[in-house]
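Visitor: Predicted model, plus sequence, below.
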Amino acid sequence: MLASARGTAECGRIATSLLRLMGFATFAYFALEFTRDDAECLYLHEAFTPAAYRGDYVRRRHHDVDPRMLGTRASSMPVVWDLRQLAREHAARGCDALDGFLRVMHDDDMCSGVMYSMPVPGTRVHAFASFTAPRRSRDWISSATLEQVLSLGLSVHRFAAPQLIASARERAAERLTPFERELLVGIAEGASDKEIGRRLDTSAHNVDYHLRKLRKRFGVANRIQLTYFASARGLI
């Protein structure tokens, strides 16, 4: 059904109606950009983020301690959870921030649900699909419900991932170093790695290494695409 949606707003309405039929109260699609094991940036999708996620969850960086996220990143399998289980499994940690997270979830009536993650190719971003319900126990979530959850989340991911990729690339562009900018200027001028290395007082091997890193960061395959991307973003 989402494939036939004529825009983000309609896609959001369809997702909400399907959500209710499955027995859930909220659905959130958002993403985190990671540097090694740390979450560096949180991306919220306007059409698929409930109001509750825009409040304390974001302000207090609950995504840093959310045990559901730790579980989904450690395994490719969905995490089926309820608050009692989360509190029981993580009681030994004695973490004030975790206590705050559990309290916020309880106050917002997010007491059970499913979460899973999906990588976003060409970026350091992982997208997350989160379904919550006010029911106290996770026992109501059957295998059939889980199949529906996976289907809806993946459909939203196909629809919304391009926006995440664009946002991640824009953010990456803002973090260019002076050295990286000079590399981009060099390839835009058609200079070889050796010529660029002479300008920057470094080796051709080092130039090639950093250009490969830039291609990976921006999700492009070759120098031509990298030059086009840098020009389109106003980086050179």
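Guide: Noted; the coordinates are in hand. Residues are numbered from 1 along each chain as shown.
Visitor: Give me the pLDDT value at residue 96.
Guide: pLDDT for residue 96: 78.
Visitor: measure residue 226 to residue 181 for me?
Guide: Counting by Cβ to Cβ, to the nearest Å, the separation of residue 226 from residue 181 is 13 Å. (Glycine included, C-beta is placed from N, CA and C.)
Visitor: For the nearest residue to residue 29 once chain neighbours are set aside, give me phi and psi.
Guide: Distance criterion Cβ to Cβ, 6 or more residues apart in numbering; nearest residue to residue 29, sequence neighbours excluded, is residue 48 at 3.7 Å. With angles defined as degrees, to the nearest 10, residue 48 sits at phi -130, psi 30.
Visitor: Let me know the helix or strand that the residue located most distally from the centre of the chain is in.
Guide: Using Cα atoms, centre = their mean, the residue of the chain lying farthest from its centre is residue 198. It sits 38.8 Å away. Assigned by DSSP states H and E, residue 198 belongs to helix 193-200.
Visitor: Centre of the chain to that helix, how far?
Guide: Offset of helix 193-200 from its chain centre (Cα atoms, centre = their mean, to the nearest Å): 36 Å.
Visitor: Now that helix: buried residues?
Guide: Going by neighbour count (16 or more other Cβ atoms under 10 Å), the buried part of helix 193-200 is 193, 196, 197, 200.
Visitor: that older thread, just give me the neighbour total for the residue nearest to residue 29.
Guide: When counting by other Cβ atoms under 10 Å, one arrives at 23 neighbours for residue 48.
Visitor: and this structure, what are its domains?
Guide: 2-172, 176-232 (automatic domain parsing).
Visitor: Could you identify which of these has the lowest mean pLDDT?
Guide: Minimum mean pLDDT among the domains of the chain: domain 2-172, a mean of 83.
Visitor: end to end, how far does stretch 215-227 reach?
Guide: 10 Å (Cα to Cα, to the nearest Å).
Visitor: Confirm that residue 84 sits in a strand.
Guide: No. Residue 84: not assigned to a strand; according to DSSP: H, G, I helix; E, B strand; the rest coil it is helix.
Visitor: Identify the residues contacting it.
Guide: 136, 137 (Cβ atoms under 8 Å, 6 or more residues apart in numbering).
Visitor: need the strands for the chain, in chain order.
Guide: Taking DSSP state E as the criterion, the chain carries its strands at 26-35, 38-44, 79-82, 112-119, 125-133.
Visitor: Going by neighbour count, list what's buried in stretch 149-160.
Guide: 149, 152, 153, 155, 156, 157, 159, 160.
Visitor: now stretch 132-150
Guide: For stretch 132-150, the neighbour count (16+ other Cβ under 10 Å) marks 132, 133, 135, 138, 141, 145, 146, 148, 149 as buried.
Visitor: Mind giving me the packing neighbours of the helix holding residue 198?
Guide: Contacts defined by 3 or more Cβ pairs under 8 Å, 6 or more residues apart in numbering; DSSP states H and E place helix 193-200 against helix 178-188, helix 204-218.
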